[in-house]
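> The following block contains a protein sequence and its predicted model.
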Amino acid sequence: MTSEPSHSKSPVVLVDDLRVRFVSRDLDLPVVSGVSFALHPHETLCLLGESGSGKSVTMRALMRLLPETAHLSGRIVVDGQDVLALDEPGLRALRGKSVAMIFQEPMTALDPVFTVGRQIAETVVCHEGVSYGAADRRALELLEMVQVPSAKRRLAAYPHELSGGLRQRMMIAMALACRPKVLLADEPTTALDATVQIQILLLLRELQKELGMATIVVTHDLGVACETADRVAVMYAGRFVETGPVEALMEAPRHPYTLGLLNATVHGQSRGARLKTIVGAPPDLAALPPGCSFAPRCGDAWDTCTAETPHARMSGGRMVRCHKYNEAGLDLLSATAP
C-alpha cells in the first residue's frame, strides 16, 4: 500500500464535470455524468467499480480514445493541454508522449504481424524523431527496465510467442517508451494468474516511483486497489459515489455501494463464511431510476433516496454521494432513519 503523496506541485491531470454520452440515431446514452478529479505527479488514483460503471470510458476520455459516437463535454487538462480542444495532430503528439495507456488485453493491443521490438521502437521514432538504431537500443533498455528475461532475444519475438505475463510487460515497456507524465492502466492484471499479477503490480509501483509518473488504474479488484492506490474513486452508474485515501476508504467505507463491494470479497473473511452479495444488477444507463441510482439495490434506502439525487458531501478529504450524510459529512443514518 503506497503512502499519501505530496501535493506541492500543480496537478498533471485536471478533470472538471466530465460528461460522456454515446449518441446514435436511436439512442442517447449517458455513460459518464459529471466526473471531476485532480491527479498530481507520483500519485496513483484507482477507479473502482463493477463492469459498466463508466471507469474505462472515463480513462479513455483523457486521451480521446472513444468512438465518433461519443460526445464529450466538461474540461480535461493533461500536462497543461486542453484535451477537448486538440486537433488530430495535437492528439497524436499527446498520446504516448504526455499520457500513455496499458490496455486490458495485450494480445489484442499488440500488432501480431510485427515483432514487439519493432513496435516499441516505432513509438520512440514517432515521438522523439530518432533513428531506428537508437530506438532499438532504447527498446532494449525498456525491456531490461521491465525485467524481461533474455531481453535482447525477446526483441525479435512476435506477440503470439510470448506468455501472458511477458506480453503485459511488453505493453508496459511500450507505454513507458517516451517517459509519459501520466500512465493509464486499464485492468492491467485481469488476464494473468495470481503470481504474475503480484509481479506486475510490484513492477508498476517501482516504475512509478522511479519515473515520477501520475497513474490511474481501473479495476474491479479490491486487492489491486489496496496494492497500488493512494486514492480511490468508487464509481457507479457513471458517477463517483465515494472518493478518499485508500486506507481510510477501505477501513471505514461511507457509501453503501462501497461497503457492498468490500463485503463481497474474500479478503478478510473467515474460512467457510458466506459472502454478502449486492442484490440486483447495475441499472440500465438509458433508463436510470429517479433519485439515487443505487437506491434499488440499497438495504438502507429511504423515501428521499428514490426521489432526489444525492449531492456530493465533502469532509476530511473524502467525498460521498449519499443522503445518509449531511453537508459536514456526518452519518445521519442512526439518528434519522425510519
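Thanks, I have it.

> Contact partners for the nearest residue in space to residue 305 that is not next to it in sequence?
Of all residues not flanking residue 305 in the chain, residue 295 sits nearest, at 4.1 Å (Cβ to Cβ, 6 or more residues apart in numbering). Just so you know, the C-beta spots here come from the backbone N, C-alpha and C atoms, and that holds for glycine as well. By Cβ atoms under 8 Å, 6 or more residues apart in numbering, the contact set of residue 295 is 289, 301, 305, 306.

> Tell me the spacing between the second one and residue 232.
So that's residue 301. 23 Å (Cβ to Cβ, to the nearest Å).

> swap in residue 42?
Residue 42 is 17 Å from residue 232, by Cβ to Cβ.

> Map the structural domains onto the sequence of this protein.
Following automatic domain parsing, one finds the domains of the chain at 13-98+180-336, 114-176.

> now the end-to-end length of the last one.
It refers to domain 114-176. This stretch, domain 114-176, spans 19 Å end to end (Cα to Cα, to the nearest Å).

> Regarding residue 234, what is its secondary structure?
Look at residue 234: counting by DSSP: H, G, I helix; E, B strand; the rest coil, its state is strand.

> Can you list the residue ranges for strands in the stretch 101-250 of the chain?
Assigned strands in the stretch 101-250 of the chain, in chain order: 182-186, 214-219, 231-236, 239-245 (criterion: DSSP state E, counting those that start in this stretch).

> the helices in the stretch 51-200 of the chain, which residues?
Secondary structure of the stretch 51-200 of the chain (DSSP state H, counting those that start in this stretch): helices at 55-61, 88-94, 106-109, 116-128, 132-145, 151-154, 164-175, 194-211.

> any idea which residue sits dead centre in this structure?
With distances taken as Cα atoms, centre = their mean, the residue of the chain nearest its centroid is residue 218 (2.8 Å).

> so how far is residue 323 from that one?
Distance of residue 218 to residue 323, computed by Cβ to Cβ: 28 Å.

> can you check residue 77 too?
Per Cβ to Cβ, residue 77 is found 32 Å from residue 323.

> Tell me which of those two has more neighbours.
A count of neighbours by other Cβ atoms under 10 Å puts residue 323 above the other of residue 77 and residue 323, at 24 against 19.

> wouldn't the more buried one be in contact with residue 292 here?
Yes - Residue 323 lies in contact with residue 292 (Cβ atoms under 8 Å); the separation is 6.9 Å.

> which residue packs closest to residue 143, ignoring adjacent ones?
Counting by Cβ to Cβ, 6+ apart, residue 143 lies nearest to residue 151, which is 3.8 Å off, once chain neighbours are set aside.

> so what's the one you found up against?
Taking Cβ under 8 Å, 6+ apart, we find residue 151 in contact with 140, 143, 144.

> from the contacts of residue 295, which two are the most distant?
Pairwise distances across these (Cβ to Cβ) peak at 10.7 Å, for the pair 289 and 301.

> who's more crowded, the two?
residue 301 (17 against 14).

> Look up which helix or strand the more buried one falls in, please.
Using DSSP states H and E, residue 301 sits in no helix or strand.

> And the pLDDT at it?
Residue 301 is assigned 88 on the pLDDT scale.

> Enumerate every residue touching it.
292, 295.

> How about residue 16: which residues does it bridge to?
Beta-bridge partners recorded for residue 16 (DSSP bridges): residue 75.

> Ok, residue 233 next?
Beta-bridge pairing for residue 233 (DSSP bridges): residue 47, residue 243.

> thought it was touching residue 53?
No - using Cβ under 8 Å, residue 233 is not in contact with residue 53, being 10.6 Å away.

> Comparing these two, which residue is more hemmed in?
Higher neighbour count among residue 233 and residue 53: residue 53, with 27 against 24, using other Cβ under 10 Å.

> The more buried one contacts residue 282, doesn't it?
Yes - if you go by Cβ under 8 Å, residue 53 and residue 282 touch, sitting 6.7 Å apart.

> Mutual contacts of those two, please.
Shared contacts of residue 53 and residue 282 (Cβ under 8 Å, 6+ apart): 236, 237.

> show me what contacts residue 33?
Contacts for residue 33 (Cβ under 8 Å, 6+ apart) come out as 19, 54, 237, 238, 239.

> most neighbours, which of the residues you listed?
In terms of neighbour count, residue 238 stands highest of these at 27 neighbours, by other Cβ under 10 Å.

> where does stretch 85-94 sit relative to the chain's centre, distance-wise?
22 Å (Cα atoms, centre = their mean, to the nearest Å).

> C-alpha coordinates for that stretch, CSV please?
Written as CSV, here are the backbone C-alpha positions of stretch 85-94 (Å, rounded to 0.1, in the frame of the first residue of the first chain):
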residue,chain,number,x,y,z
ALA,A,85,-9.6,21.5,-27.8
LEU,A,86,-6.8,19.5,-29.5
ASP,A,87,-6.9,18.6,-33.2
GLU,A,88,-5.7,15.3,-34.6
PRO,A,89,-2.0,16.2,-34.8
GLY,A,90,-2.2,17.5,-31.3
LEU,A,91,-3.8,14.3,-30.1
ARG,A,92,-1.1,12.2,-31.8
ALA,A,93,1.6,14.3,-30.0
LEU,A,94,-0.2,13.9,-26.7
